[in-house]
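# could you look at this predicted model? Sequence included:
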Amino acid sequence: MSKIKIVCKDQTLLPAYETAGAAGMDLKAGIETSVTIKPGQRVLIPTGIHIEIPEGMEGQVRGRSGLAVKHGIGLVNGVGTIDSDYRGEIKVPLINWGQEDFTINRGDRIAQLIFCRYEKIAWESVDLLNQSFRGTGGFGHTGK
Ligand SMILES: O=c1ccn([C@H]2C[C@H](O)[C@@H](COP(=O)(O)OP(=O)(O)OP(=O)(O)O)O2)c(=O)[nH]1
Ligand SMILES: [Mg+2]
């Protein structure tokens, strides 16, 4: 298990795995007062945490399916990327795709954070790529 440094002044905001097999730690809203998101509105919610991810790893901020299904709450950026050299506060850009106002209170679990290893690459410029069975087919060319 990797150890990752975190600055979290309010321990009630410390992200945690909710179950033994959870892939993501839930991120909590570090807002002072409640925030209401109107239908179609975007808000950037602070989480109260700063982290130091080792090089070669990234953090992925993903939505919570319960908030999406029950209230239409999603992430504006799809999946957020937390770079290993980022030392700022992690923030979550939420959007209300639903039809009703949605209120967030301090400490509410608004998204989840997954850690992944990635590989860096260098381009090798060529004129031709190796042929493959798929070729240039994509975007549904294999059918429904
Ligand atoms: O959901 C997110 C996405 C990003 N970030 C922070 C961490 C990340 O390392 C930094 C930059 O994110 P990204 O590279 O996605 O945004 P950008 O628009 O390319 O900004 P920059 O020019 O600062 O890289 O913002 C968050 O706190 N939450
Ligand atoms: Mg960037």
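It's in. Numbers count the residues shown, from 1 in each chain. Ligands and ions are numbered 1, 2, ... in the order given.
# partner strands of the longest strand anywhere in the chain, with direction?
Across the chain, the longest stretch assigned as strand under DSSP state E is strand 109-117. Strand 109-117 sits in its sheet next to strand 25-28 (antiparallel), strand 57-62 (antiparallel), going by DSSP bridges.
# show the pLDDT at Ile104.
pLDDT recorded at Ile104 is 98.
# ok, Val61 next?
You'll see Val61 listed with a pLDDT of 98.
# that one pairs with what?
Applying DSSP bridges, one finds that Val61 bridges with Gly80, Leu113.
# list the residues that contact the residue in the chain that ligand 1 sits nearest to.
Of all residues in the chain, Gly80 sits closest to ligand 1, at 2.2 Å by Cβ to the nearest ligand atom. (Each C-beta comes from the backbone N, C-alpha and C, glycine too.) For Gly80, the contact set (Cβ atoms under 8 Å, 6 or more residues apart in numbering) comprises Gly59, Gln60, Val61, Arg62, Val92, Pro93, Ala111.
# what lies in contact with the strand or helix carrying the fifth one?
With elements taken from DSSP states H and E, the one containing Val92 is strand 91-96. Contact with strand 91-96 is made by 27, 37-47, 61, 71-77, 80, 102, 104, 110-111, as judged by Cβ under 8 Å, 6+ apart.
# ok, stretch 31-50 next?
With Cβ under 8 Å, 6+ apart as the test, stretch 31-50 has contacts from 6-10, 13-15, 27-30, 72-73, 76, 87-106, 110.
# check the secondary structure at Leu67 for me.
The assignment at Leu67 comes out as helix when based on DSSP: H, G, I helix; E, B strand; the rest coil.
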